Structure formats: C-alpha cells, structure tokens
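J.: build the 3D model from these lines:
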Amino acid sequence: MRNELLLITPPYHCGVVEVAGRWLPLNLLYVASAARKAGVEPALYDAMSLFTGWEEIRQELRERWHELPPEQRQRMREHWRQMTPEQRAEARQGSESGHPPQPARGGGRR
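T.: Next up, the predicted model:
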C-alpha cells in the first residue's frame, strides 16, 4: 500500500493578493517536500487558484475516497468512530458552514 497525503488550500479569496497573481502556497510546498522525503506521496488541491468552493473540495474527496484500498478506508472509518461526539460535530459543522473545522483540543481518543 502506498502512503498518500492530500493537501488542500481553502477556497479563500482576498482580492489584493489575487491581483498580483496566483502561486502555489509555499507553506504547503514545504509540507509536501517533507512528506516526500518521508516516503509519502503528496498531492495539492489548490482551491483558491482553481476558483473552486467547498462543494468541489467535497467532490474531490469523494472521488479519492473510492480510489483508496479497502483496508485504508476501514482504518479511516475506525478513526472516525474513535472521535468524541464533540469532535465529530465540530468536523460536520465546519464542512456545512463553509469554514474549515478548528483543530481538536484534546479530550479525544486517538
């Protein structure tokens, strides 16, 4: 099984920066480089540069989900089950509100 990492920029638009041009986010390129050195194959979905929204990001994740090997999907399902109800609610709320969920603040089973 090959290890993969999908890095996603949010569909944020600020106008001023976009007038100057669009570039891949340097911070995620550093993460991608470190991932590759660790044997993980990174991919970048730059929603800002692609002018896509949360629904397109969800669709990308759905498509990639079905490409995962069954054992990896099972591990991800188990991880979801181990999350506290509060962490699940926060993840759902972030995806429905159009804002990314905030990082979990302890208390979760990991």
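
J.: where does this structure dip in pLDDT?
T.: Counting by pLDDT under 70, the low-confidence segments of the chain come to 1-2, 15-21, 93-110.

J.: tell me where the protein has helices.
T.: In order along the chain, the chain carries the following helices (DSSP state H): 16-20, 26-37, 47-50, 54-67, 70-82, 85-97.

J.: reformat the ones you listed as TSV; add mean neighbour count.
T.: (C-beta placed from N, C-alpha, C; glycine too.) As requested, the helices of the chain are arranged in TSV below (neighbours: other C-beta atoms under 10 Å):
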stretch	mean neighbour count
helix 16-20	9
helix 26-37	13
helix 47-50	16
helix 54-67	12
helix 70-82	11
helix 85-97	13
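
J.: once you drop chain neighbours, what's closest to residue 48?
T.: What sits nearest to residue 48 in space, not counting adjacent residues and going by C-beta to C-beta, 6 or more residues apart in numbering, is residue 9, at 5.1 Å.

J.: what about that neighbour, distance to residue 34?
T.: Computed with C-beta to C-beta, to the nearest Å, the distance linking residue 9 and residue 34 is 17 Å.

J.: and of the helices of the chain, who's closest to residue 5?
T.: Checking these against residue 5 by C-beta to C-beta gives helix 26-37 as the closest, at 5.0 Å.

J.: helices or strands next to the closest one in the packing?
T.: Packing contacts for helix 26-37, counted by 3 or more C-beta pairs under 8 Å, 6 or more residues apart in numbering; DSSP states H and E, involve strand 4-9, strand 41-46.

J.: ok, now which ones touch residue 11?
T.: Residues near residue 11 by C-beta atoms under 8 Å, 6 or more residues apart in numbering: 47-48, 51-54, 56-57.

J.: residues touching the residue found closest to it once you drop the neighbours it is linked to in the chain, list them.
T.: Ranked by C-beta to C-beta, 6+ apart and with sequence neighbours excluded, the top spatial neighbour of residue 11 is residue 47, at 4.1 Å. Under the criterion of C-beta under 8 Å, 6+ apart, the neighbours of residue 47 are 8-12, 53, 56-57.
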